[in-house]
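> Would you be able to build a 3D model of this:
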Amino acid sequence: MISNLLILKTSPTAHKNNNPGRFLARQVNTLVVYIDLIFLANLLIDGILLALTAWMRRLKPRWWRLSLSAAAGAMYVVMMFVPELTFLFTFLIKFGLSLIMLWIAFGFVSLQSYIRNLTAFYMVNFAAAGGIIGFHYLLQNSGELFSGIWFTASGGLTFELKVGFWFTCIAFFVVIMIVKAVQTNRRQVENRESLLGQVTVCIGEKKIMCTGLLDTGNQLSDPLTRTPVMVMEASLWESYLPPAWCKKLAEGEPDKLIMEMGSTDFVWQDRLRLVPYRGVNRGAAFMLAIKPDLVQIELGGKEYVTAKVLIGFDGGTLSGEGAYRAIIHPALTEGEGRLMGSTNEVPDDTGETSAAG
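You can find the predicted model right below:
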């Protein structure tokens, strides 16, 4: 564990030779060890490492188990000052201690879960230790760096690492925050990717395809028919909509498009709907929607096909990163779906199904 943290102090003492005719100065270093600070510092560090391991594994252990496990790790560090116990500082004993600490903190549910906890624990330790050493060498100049390197007679290199107590503490907390931030971002990306699917909208022989995000909080539907509305960026339909429509949709004026419908030649005019909804500011608004023949959604290895859906046009950009361009209504994936590659059954407007392909 990286928590083998020592707090030492040396004080030089000068001695004189008893012979008055000669004077001999000899410096003796007196080593002072603050056992209480060593224990408390390692107790805190071990506790944070165990807590971060639990967070990474999405575990919720009791606080007293984490405290007891951290205390066991801190006591192990204190034992290095007992000469009779030097045999404890071997690889097997250290590895065994980590197993005991994890058993105290998280218990034993299954071998697979235990190995995952052990892997996460060592990943956190190695990341923290590597970060501290990295920060240490990053802040050193060339003189300080090369003064701690020796060349051996066999041609090898020996490194001397002297890291201060406060530097270790500060660097440790900085590294832990970085590790947690990276892990949080990775989780967010994984969660979002698990909700991303391929959307195909069919109207006649035309197909519009894009990536959609399943939004479980989306409850937008036509108040009259209770038909769910899947929102898509209007720019995807730019080739099929009249030239001025995308601009007016971006300005938030879909109701004006309906009023101007008589003067516009639009082949899908009979498919258009105006869906009322309540915006973010709780004000009433309208969304222009179109009735497709079919919508196919590929999500989580399954395929969902439905005809009971409206496609709402959004004049803006749904994702700033461009990760998705449609918001999938959760009602469209409530069925069991079909495994990818199986025979499709296409539902019609009456809710009945017919074989396709």
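> Tell me the first helix or strand C-terminal of the lengthiest helix in the chain.
When the chain is parsed with DSSP state H, its longest helix is helix 165-194. Downstream of helix 165-194, the first helix or strand assigned by DSSP states H and E is strand 196-203.
> And that next one, what does it pack against?
Applying 3 or more C-beta pairs under 8 Å, 6 or more residues apart in numbering; DSSP states H and E, one finds that strand 196-203 contacts strand 206-214, strand 229-233, strand 294-299, strand 326-328. All C-beta atoms are positioned from the backbone trio N, CA, C, and that covers glycine.
> Now that strand: buried residues?
Neighbour-count burial for strand 196-203 flags 196-197, 199-203 (criterion: 16 or more other C-beta atoms under 10 Å).
> Looking at those, which is nearest residue 294?
For the buried residues of strand 196-203, the closest approach to residue 294 (C-beta to C-beta) belongs to residue 202, at 4.2 Å.
> Return the set of residues that bridge with the closest one.
According to DSSP bridges, the partner residues bridging residue 202 are residue 207, residue 294.
> isn't it right up against residue 305?
No - look at residue 202 against residue 305 with C-beta atoms under 8 Å: they stay out of range, at 9.8 Å.
> list residues touching both of those two?
Common contact partners of residue 202 and residue 305 (C-beta atoms under 8 Å, 6 or more residues apart in numbering): 294-296.
> could you dump those residues to TSV with neighbour count and distance to residue 60?
Shown next, in TSV, are the shared contacts of residue 202 and residue 305 (neighbours: other C-beta atoms under 10 Å; distance: C-beta to C-beta, whole Å):
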residue	neighbour count	distance to residue 60
294	17	45
295	25	40
296	18	40
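> Now render those residues as TSV, adding pLDDT and distance to residue 175.
Below are the shared contacts of residue 202 and residue 305 laid out as TSV (pLDDT from 0 to 100; distance: C-beta to C-beta, whole Å):
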residue	pLDDT	distance to residue 175
294	92	52
295	93	47
296	93	47
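> Could you list the buried residues of whichever strand or helix holds residue 66?
Element membership for residue 66 (DSSP H and E) is helix 63-78. Buried residues in helix 63-78, counted by 16+ other C-beta under 10 Å: 65-67, 69-74, 76-77.
> helices or strands up against that helix?
helix 35-56, helix 91-106.
> Report the inter-axis angle for the last one versus helix 63-78.
Translated: helix 91-106. Orientation check (axes from the mean of the first three to the mean of the last three C-alpha atoms, to 10 degrees): helix 91-106 against helix 63-78 gives 160 degrees.
> thinking again about what came up before, go through the helices and strands packed on helix 63-78 and name the closest to residue 286.
Across these, residue 286 has its closest neighbour in helix 35-56 (44.6 Å, C-beta to C-beta).
> buried set for the closest one?
Under the neighbour-count rule (16+ other C-beta under 10 Å), helix 35-56 has 38, 41-54, 56 buried.
> CA atoms of that helix as PDB?
Taking C-alpha atoms only, helix 35-56 is exported to PDB below (Å, rounded to 0.1, in the frame of the first residue of the first chain):
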ATOM      1  CA  ILE A  35       4.500   7.000  15.900                       C
ATOM      2  CA  ASP A  36       1.200   8.700  16.600                       C
ATOM      3  CA  LEU A  37       1.400  10.800  13.400                       C
ATOM      4  CA  ILE A  38       2.500   7.900  11.400                       C
ATOM      5  CA  PHE A  39      -0.600   5.900  12.500                       C
ATOM      6  CA  LEU A  40      -3.100   8.700  12.000                       C
ATOM      7  CA  ALA A  41      -1.700   9.700   8.600                       C
ATOM      8  CA  ASN A  42      -1.800   6.100   7.300                       C
ATOM      9  CA  LEU A  43      -5.200   5.600   8.900                       C
ATOM     10  CA  LEU A  44      -6.600   8.500   6.900                       C
ATOM     11  CA  ILE A  45      -4.900   7.500   3.600                       C
ATOM     12  CA  ASP A  46      -6.000   3.900   3.900                       C
ATOM     13  CA  GLY A  47      -9.500   5.000   4.700                       C
ATOM     14  CA  ILE A  48      -9.700   7.200   1.600                       C
ATOM     15  CA  LEU A  49      -8.300   4.400  -0.600                       C
ATOM     16  CA  LEU A  50     -10.900   2.000   0.700                       C
ATOM     17  CA  ALA A  51     -13.700   4.500   0.300                       C
ATOM     18  CA  LEU A  52     -12.600   5.200  -3.300                       C
ATOM     19  CA  THR A  53     -12.500   1.500  -4.000                       C
ATOM     20  CA  ALA A  54     -16.000   1.100  -2.700                       C
ATOM     21  CA  TRP A  55     -17.200   4.000  -4.800                       C
ATOM     22  CA  MET A  56     -15.600   2.500  -8.000                       C
END
